[in-house]
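Chemist: fold the following.
(one chain, ligands or ions: 1)
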Amino acid sequence: MPTPMIRYNPQGVFLPEHGLSPNELTGLAPRIASARDEVLADAKRWASAGEVPTDRQPLDAGFTELPERLLADYRDLGPKSEVGRIQLAADRLAASVDRVVFLGIGGSYMGARALEEACCHPFHNELARDQRGDRPRLSYAGNNVDNDVLHGLFDLLDRKGPSGLAGTGQDGTGQDGTGRAGTGTRLEDRWAIVVISKSGGTLETAAAFRILLKRLQSACAGNGEELARRVVPVTGKSGKLFDLAAALGCPDVFQVPDGVGGRFSVLSAVGLLPAAVMGLDIVELLEGAAAMNAHFRTAEPGENCVLDFTSVCHLMEVEQGADIRLLSTWGDRLESFGYWYDQLLAESLGKQERGALPLTVVNTRDLHSRGQQHQEGKRDKLITNLVVEQFSRQPLAIGRSELNQDGLNALATKTLPDILEAACKGTNQAYRAENRPTAGLHLPTLNEHVLGQLFQMFMLATVVEGRLIGINPYGQPGVEAYKKNMNAILRGEVS
Ligand code: PA5
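Modeler: Take a look at the predicted model:
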């Protein structure tokens, strides 16, 4: 049975005061539909490789039809396609190491993190290898500059497995006892690097890569071929990282496709390779995104989750001054998705002194911290609840107890999903009573297909809004200033 689609429900924004009326949404329909046409025309213009008019530059619209292109290529070429090569490289890594360190920042980092949190076992790294589906442990670096955290990672990388023979080989043959070729260490002591940087020159990632590469070099005991196999770069088709990959002789190098901006690259090798290393179904991810594309192209405003979500966000900002957009995630598994979206919205539309402020909230946790402000603070917020309708595992009931001092026997048959649902409903009722606008984004479940839908939905919504308000959603000129200053300070050109 095909996975159902994400549903958007704007009912909670229709309020007597401080909200919207259904008529306002209907009134925006022609403009939002023409913004959609612009986005689709951008995708065509980009694919035709024709001249991009100056007022349209930069135009990184390559993400739009990327899922369909990758799927078609996979159907035609199988293991020789990009998806097939990603899968093979991921399986090779998974079979030969027990930890993969992903290096990257911004759009070269957040998507992988979001995928792990939403789709992998919540305690993946703590599980025994067979419980992890024979996949490696996952670590991240190069997404910040923190001396002590990197030392902490070294402590993990240098830690030897239980029988403590790492570095010598158990039998002196260089085999690891599993029949797989080794380098003098056992599988559980081996690690690899996936380094992701579209530009190939981002200092945070490059510095972490240089430091970790040296570590890996000594872990490989000077075996250059083994070192090259344990480094998989994902980068542009030229640049410093591309050159470094060539110098190392890495057998697998993946490209961030032209015309796909960093924060729009999660459904390229940037997110697909980490997902495949995690053991996720990357074809399902792409199928989900392609299904969202089909919905986006064909459904009318009023029934189109991309257009309706964008319309509500836009109208609440311009009509009600709600320029803080809360993505209120329920449960623990979508916080990183929220951070991925924070970057997407902030870097795409935070330009020309405009653009709403994205804020990720995790409930019920943050009801005990931010909730007060959302209920009674300034009226500058739109809350979108991101709700998972079906948990994957058996609902846990509170249960009866002889020790009823907590009074919970009255709720003995209630389950954790019941509590979460009641908390969400109760919160929405409390907000409604105060004319606080909420909308709902309902995910049928959490799996690769739904995550593919969700990523594509938010990327499309962001570019539609950009076209609607006349801000080019691509490029991030404002990020360059700090990089320039940091480099000048480090090189002693200024203090
Ligand atoms: O959206 C973007 O392009 C940026 O946020 C980048 O993802 C981020 O700066 C990392 O860049 P790079 O992948 O070139 O290292």
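Chemist: for the chain, what's the longest strand?
Modeler: strand 381-390 (DSSP state E).
Chemist: just the buried residues of that one, please?
Modeler: The neighbour-count check on strand 381-390 (16 or more other C-beta atoms under 10 Å) flags K381, L382, I383, T384, N385, L386, V387, V388 as buried. All C-beta spots, glycine's among them, are computed from the backbone N, C-alpha and C.
Chemist: test my guess that the fifth one contacts W330.
Modeler: Which is N385. Yes - contact criterion C-beta atoms under 8 Å: N385 and W330 qualify, at 6.5 Å.
Chemist: any common contacting residues for the two?
Modeler: C424 (C-beta atoms under 8 Å, 6 or more residues apart in numbering).
Chemist: sorry, back to before: what pairs with the longest strand of the chain, parallel or antiparallel?
Modeler: strand 324-330 (parallel), strand 438-445 (parallel) (DSSP bridges).
Chemist: mind putting these into CSV with mean neighbour count and mean pLDDT?
Modeler: Output for the strands paired with strand 381-390, formatted as CSV (neighbours: other C-beta atoms under 10 Å; pLDDT from 0 to 100):
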stretch, mean neighbour count, mean pLDDT
strand 324-330, 23, 98
strand 438-445, 20, 98
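Chemist: among those strands, which comes closest to the ligand?
Modeler: strand 324-330 (18.2 Å; C-beta to the nearest ligand atom).
Chemist: and the closest one, how far out from the chain middle?
Modeler: 16 Å (C-alpha atoms, centre = their mean, to the nearest Å).
Chemist: quick check: next helix or strand after that strand?
Modeler: Using DSSP states H and E, the helix or strand that follows strand 324-330 in sequence is helix 335-349.
Chemist: ok, now how distant is S336 from G355?
Modeler: 22 Å (C-beta to C-beta, to the nearest Å).
Chemist: find the centremost residue of the protein, please.
Modeler: With distances taken as C-alpha atoms, centre = their mean, G111 lies nearest the centre of the chain, 2.1 Å away.
Chemist: contact partners for the closest residue to it other than its chain neighbours?
Modeler: Spatial nearest neighbour of G111, chain neighbours left out: V266 (3.2 Å); criterion: C-beta to C-beta, 6 or more residues apart in numbering. By C-beta under 8 Å, 6+ apart, the contact list for V266 reads G107, M110, G111, A114, L115, W340, F455.
Chemist: if we check the ligand, which of those are in contact?
Modeler: Residues of the contacts of V266 in contact with the ligand (C-beta under 6 Å from any ligand atom): G107.
Chemist: among the contacts of V266, name the ones in helices.
Modeler: M110, G111, A114, L115, W340, F455 (DSSP state H).
Chemist: ok, the second one touching S265?
Modeler: Yes - judged on C-beta under 8 Å, G111 makes contact with S265 at a distance of 7.4 Å.
Chemist: which residues are common contacts for those two?
Modeler: Joint contacts of G111 and S265 (C-beta under 8 Å, 6+ apart) are G271.
Chemist: now the phi/psi pair for the residue of the stretch 351-495 of the chain found nearest the ligand, please.
Modeler: With C-beta to the nearest ligand atom, the shortest gap between the stretch 351-495 of the chain and the ligand falls at Q476, namely 5.6 Å. Q476 adopts backbone torsions of phi -150, psi 70, taken as degrees, to the nearest 10.
Chemist: let me know how buried it is, in neighbour terms.
Modeler: 19 (other C-beta atoms under 10 Å).
Chemist: how about it: what's its closest non-neighbour residue?
Modeler: Nearest one to Q476, counting by C-beta to C-beta, 6+ apart, is E347 at 4.5 Å.
Chemist: return the residues of the chain in contact with the ligand.
Modeler: Going by C-beta under 6 Å from any ligand atom, the residues of the chain near the ligand are 105-108, 197-199, 202, 205, 261-263, 347, 476.
Chemist: among these, which lie within strands?
Modeler: Short answer: the residues of the chain next to the ligand in strands (DSSP E) are S197.
Chemist: hmm, back to that, and the longest strand of the chain, average pLDDT?
Modeler: For strand 381-390, the mean per-residue pLDDT is 97.
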